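A.B. asks: Sequence first, predicted coordinates after that:
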Amino acid sequence: MDKFVYQFSEGNKDQKDLLGGKGANLAEMTRLGLPVPPGFIVTTEACRHYLKHDRLPDDLRVQVTMALRRLEDEVGRRLGDSVDPLLVSVRSGAKYSMPGMMETVLNVGLNDFSVKGLIEASGDERFVWDSYRRLIQMFGKTVLGMEGEDFSRVIEAAKQAKGVTSDLELDAQDLRQLVEDFKAVVEEKSGRSFPQDPREQLDLATRAVFESWNTDRARVYRRRERIPEDAGTAVNVCTMVFGNLGETSGTGVCFTRDPSTGKPGVYGDYLVNAQGEDVVSGIRNTLSLDDFAEVDPDSYQSLRTIMRRLETHYRDLCDIEFTVERGKLWMLQTRVGKRTAAAAFRIATQLVDEQLITMDEALERVGGAQLAQLMFPQFDTDAERTRFTQGMAASPGAAVGKVVFDSATAVAWAARGESVVLVRKETNPEDLEGMIAATGILTSRGGKTSHAAVVARGMGKTAVCGAESLDVDEEQQVARADGVTMHEGDVLSVDGSTGEVFVGRLPVVASPVVTYLEEGLEAALVGVDEGTADLIQAVDRLLAHADAVRTMQVRANADTGQDAERARRMGAEGIGLCRTEHMFLGDRRVLIERVILAETAAERADALVALLPPQRADFVELLAAMDGLPTTIRLLDPPLHEFLPDRADLMVKVARAEEQGAASDDDTRLLAAVNRLHESNPMLGLRGVRLGLAVPGLFAGQIRAIAEAAAERVKAGHDPRPEIMVPLVGSLMELHLVRQEATRILAEVAEAEGVDLEIPVGTMIELPRAALTAFRIAEEADFFSFGTNDLTQTTWGFSRDDVEAAFFAAYLEKGVFTVSPFESLDVDGVGRLVDIATREGRGTRPGLKAGVCGEHGGDPDSIHFFHQAGLDYVSCSPFRVPVARLEAGRAVL
Ligand code: ADP
Ligand code: MG
Ligand code: MG
């Protein structure tokens, strides 16, 4: 018999797959002897079974009965008894935290009999009727599929009848009546009565939690966070404790360090006389932990001891939910907490300094995506600014956008390319799509632990929460603060790092982390505050450690001396791709136009000679910037018509001119050439090595320019290390022909200039045929460089420019991709080709140097794959170089 149910005391934190994150950690805390209300966990396996077969596993009923009886014996109370009844919460909890995405039902076990028992036991009649009406409400919504409206209408009516405005003014008798009214609404709307049998409540709630795995918002969240669709959720059945039993009770959320800045010291929110949900939803303003210490010093002390214990145990930032029932502290949840990028770097190094983790572990806890976030620009503090409001710095970043007040508008406006700031009183899981669409989020309620803050941090989205001076009127679609009114469409600048919000568009400046990366530690530390200094030093230490452990080199894709210099400052160890086509743009376009239009061999030779000096000058600059480091220069790749005017424009121009009998000869010739070179599928047309073989002298000229530039540098006493790279090779013969020519030219230049020129000639591997015949191509290649953009296009048979907008969204939706293969390497297909080519190429030529120069070279997941495939280097844009250094280090661990 499969085991579908675990007591809290039976599991541990490493069983997240089976018990879900919440369950595994409840079990761990129980094992540690912390005060966790006893309970049991129905496994994710039971959920997967339910979702697959549409019914619960046969064994489950019996196992739940056994677990429930054990629980009842342990606490000495019975579920739904008429004397001192046991109540439980039925809580969802998947392997990956999905804050607020799925359902939880509290107070299960209350019915017309057990209310009496609870009234006697608690001595608080109002509290009991309030709990009962909450149960019917939650049960109606999550289990019976009713609308929140169905219930809120009844509450409003009750308040009106009594002539009061607040829920708190309803007394025990009113709430008792409300329970009756709620039961009637349930019958009316759901066609069944509210189940009085406690076990039936439990079973139905369990089933509803399983079902909540598939709500729209849960799906949206999973897609966004790349959480597998088939993992399922566990169900945690947990003895209820009550934070709403008066002034000596309450509920809270806390972190063992500040999750938004990483500042050392605990952080949290506490709400007196409340149930858990109330803190997170930001309905009331909360107390800080310091205030909690004043209100209830004993519970506070116990909490601090437990926080320290948990942090030592998990050796990481912990995020904790707790409740105090009449002065007794209970732990309801913990997990390793989500944090911002800055907090991740700072906390990782703090823990190293506290000797809780090693540098290797610290490196595992930060990521390239986080580093990239830290490199985003920030608002210019010197700019003139008008402050709109101030809230909690909930999730950092500098967001500028138009104000919108609801999720649907955020989605619609973002879809037409606008940046929007979503302004709400508070957010709830229904706002998720709007939050994803927005560049920034601003709320008037809730703290750093509110839904908006937690979700924004998880997504790396800028957010300011709990701006107290802000009055958001969602109906009227206006937000007011300090006498300023913002309407839909007005522009706000949201600073998630300071909590400030400004009217209009503020200019941005480079982040201090970029200053550090470009100018070094000392320069970056001048004049920054303590937190920033701490962050910069953390980044510096972790990058240094990554550099020390990584085995892959990191190069940059750079076409100009200037880019190359910047890349070198960012830590590039060479250039993996210099695209020479950029050298033919602007003023020089006419030079290449002349090559294309040449009618005789002599004319073409002249035109090619004219191209030589400017290219040579560019190469000299590049080789100077990369002196002593490998510099891979790719011969011309794009189809020639890209250098000619647009065909349609030219046709119109010539036709007009002809009408007036004044067509110029040049234009007519140009149009003929454009027509001759026109291709239906340029990506698969005359480009790359094909161009080199079809247009005599084109590659020869480029090779000569490289050789002469290198010779000039050598003669000046420098150390140029150019490498010549041939694009789009599919067969050995293609490479052979170019290489033959290169060998001849290099020898010629070496002799003429009187220098030694050892310039390797290698090839890109960007066609499946090249990958599959790599064992042959390696005979003539001094190195391989995987062009994973083209290799992805040619392996899948689609062109990025043509299809990305057309069907990628649908493919992501339908789960054909979990991520675009242009963003993160398709390991199964394209990766397999990389693997085959590397292995078989090295079979022919042991030690063959192989690298990657597609955009994947800067993508964290792809970098890990390239490391495993045994590549020597990745090359990416200069700005991604630090990201690649960090990830190449992490890939080793
Ligand atoms: P989520 O995954 O959305 O955080 P939880 O399962 O943690 O949902 O439950 C939501 C809230 O309900 C929590 O904040 C917690 O404080 C409260 N809660 C859950 N179980 C209990 C319980 N047994 N006793 C008291 N409060 C509970
Ligand atoms: Mg929770
Ligand atoms: Mg290519």
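C.D. replies: Perfect, I can see it now. Numbering: from 1, shown residues only. Ligands and ions are numbered 1, 2, ... in the order given.
A.B. asks: going forward, measure contacts and count neighbours with C-alpha atoms only.
C.D. replies: Noted.
A.B. asks: thought residue 429 was touching residue 217?
C.D. replies: Yes: in this structure residue 429 lies within contact range of residue 217 using Cα atoms under 8 Å: 7.0 Å.
A.B. asks: shared neighbours, those two?
C.D. replies: Common contacts of residue 429 and residue 217, defined by Cα atoms under 8 Å, 6 or more residues apart in numbering, comprise residue 101.
A.B. asks: what's the single longest helix in the protein?
C.D. replies: helix 601-625 (DSSP state H).
A.B. asks: Going toward the C-terminus from that one, what's the next helix or strand?
C.D. replies: strand 630-634 (DSSP states H and E).
A.B. asks: residues in contact with the helix or strand just after that following strand?
C.D. replies: On the C-terminal side of strand 630-634, the closest following helix or strand by DSSP H and E is helix 647-659. With Cα under 8 Å, 6+ apart as the test, helix 647-659 has contacts from 663-664, 667-668, 671, 674-675.
A.B. asks: Could you give me the buried positions within helix 647-659?
C.D. replies: For helix 647-659, a neighbour-count test (16 or more other Cα atoms under 10 Å) marks 647, 650-651, 654 as buried.
A.B. asks: and after that helix, which helix or strand comes next?
C.D. replies: Counting by DSSP H and E, what follows helix 647-659 is helix 665-677.
A.B. asks: Which strands and helices lie in contact with the helix or strand following that following helix?
C.D. replies: For helix 665-677, the following helix or strand on the C-terminal side (DSSP H and E) is helix 689-694. Other helices and strands packing on helix 689-694, by 3 or more Cα pairs under 8 Å, 6 or more residues apart in numbering; DSSP states H and E, are helix 732-753.
A.B. asks: Okay, buried residues for the helix it packs on please.
C.D. replies: Using 16+ other Cα under 10 Å as the test for burial, helix 732-753 gives 732, 734-735, 738-739, 742, 745-747, 749-750, 753.
A.B. asks: what does stretch 123-131 give?
C.D. replies: Of all the residues in stretch 123-131, those buried under the rule 16+ other Cα under 10 Å are 125-131.
A.B. asks: And the contacts of it?
C.D. replies: When contacts are defined by Cα under 8 Å, 6+ apart, stretch 123-131 is touched by residues 107, 115, 118-119, 171-173, 175-176, 179, 244-245.
A.B. asks: most neighbours, which of those?
C.D. replies: When neighbours are counted by other Cα atoms under 10 Å, residue 107 leads these with 26 neighbours.
A.B. asks: Over to that residue. Which of the three states is it?
C.D. replies: Three-state assignment for residue 107 (DSSP: H, G, I helix; E, B strand; the rest coil): strand.
A.B. asks: so it touches residue 91, yeah?
C.D. replies: No: under the criterion of Cα under 8 Å, residue 107 makes no contact with residue 91, lying 11.1 Å away.
A.B. asks: Tabulate the buried residues of helix 647-659 (a markdown table), appending pLDDT and distance to residue 798.
C.D. replies: What follows is the buried residues of helix 647-659, written out as a markdown table (pLDDT from 0 to 100; distance: Cα to Cα, whole Å):
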| residue | pLDDT | distance to residue 798 |
| --- | --- | --- |
| 647 | 86 | 24 |
| 650 | 87 | 29 |
| 651 | 89 | 29 |
| 654 | 87 | 34 |
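A.B. asks: Name the nearest residue to residue 356, ignoring sequence neighbours.
C.D. replies: Sequence neighbours aside, residue 315 is the residue nearest to residue 356 in space, at 6.0 Å (criterion: Cα to Cα, 6 or more residues apart in numbering).
A.B. asks: ugh, wrong one, residue 15
C.D. replies: That would be residue 24: by Cα to Cα, 6+ apart, it lies 5.6 Å from residue 15.
A.B. asks: One more: residue 481?
C.D. replies: Leaving aside its chain neighbours, residue 481 sits nearest to residue 470 (4.7 Å; criterion: Cα to Cα, 6+ apart).
A.B. asks: likewise residue 517?
C.D. replies: residue 570 (5.5 Å).
A.B. asks: now residue 63
C.D. replies: Closest to residue 63 by Cα to Cα, 6+ apart is residue 5, at 6.2 Å.
A.B. asks: contacting residues for the one you found?
C.D. replies: 40-43, 60, 63-64, 67.
A.B. asks: Repeat the analysis, applying 7 Å as the threshold.
C.D. replies: Contact partners of residue 5, counting by Cα atoms under 7 Å, 6 or more residues apart in numbering, are 40-43, 63-64.
A.B. asks: now it: how far from residue 134?
C.D. replies: Using Cα to Cα, to the nearest Å, we find residue 5 at a distance of 27 Å from residue 134.
A.B. asks: Could you list the low-confidence segments of the chain?
C.D. replies: For the chain, applying pLDDT under 70 flags the ranges 1, 276-284, 458, 805.
A.B. asks: near ligand 1, which residues of it?
C.D. replies: Listed as neighbours of ligand 1 in the chain under the rule Cα under 6 Å from any ligand atom: 88-89, 91-92, 99-100, 104, 238-242, 276-277, 321.
A.B. asks: Okay, and which of the residues you listed map to strands?
C.D. replies: Per DSSP state E, strands hold the following members of the residues of the chain next to ligand 1: 88-89, 91-92, 104, 238-239, 321.
A.B. asks: Just put those in CSV and tack on neighbour count and distance to residue 457.
C.D. replies: Below are these laid out as CSV (neighbours: other Cα atoms under 10 Å; distance: Cα to Cα, whole Å):
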residue, neighbour count, distance to residue 457
88, 25, 31
89, 22, 27
91, 22, 23
92, 32, 21
104, 23, 22
238, 25, 28
239, 24, 31
321, 21, 18
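A.B. asks: How many residues are close by the closest residue to ligand 1 within the stretch 751-893 of the chain?
C.D. replies: Closest to ligand 1 within the stretch 751-893 of the chain is residue 818: 24.5 Å, counting by Cα to the nearest ligand atom. Counted with other Cα under 10 Å, the neighbours of residue 818 add up to 17.
A.B. asks: now swap in residue 275 and tell me
C.D. replies: Residues near residue 275, counting by other Cα under 10 Å: 22.
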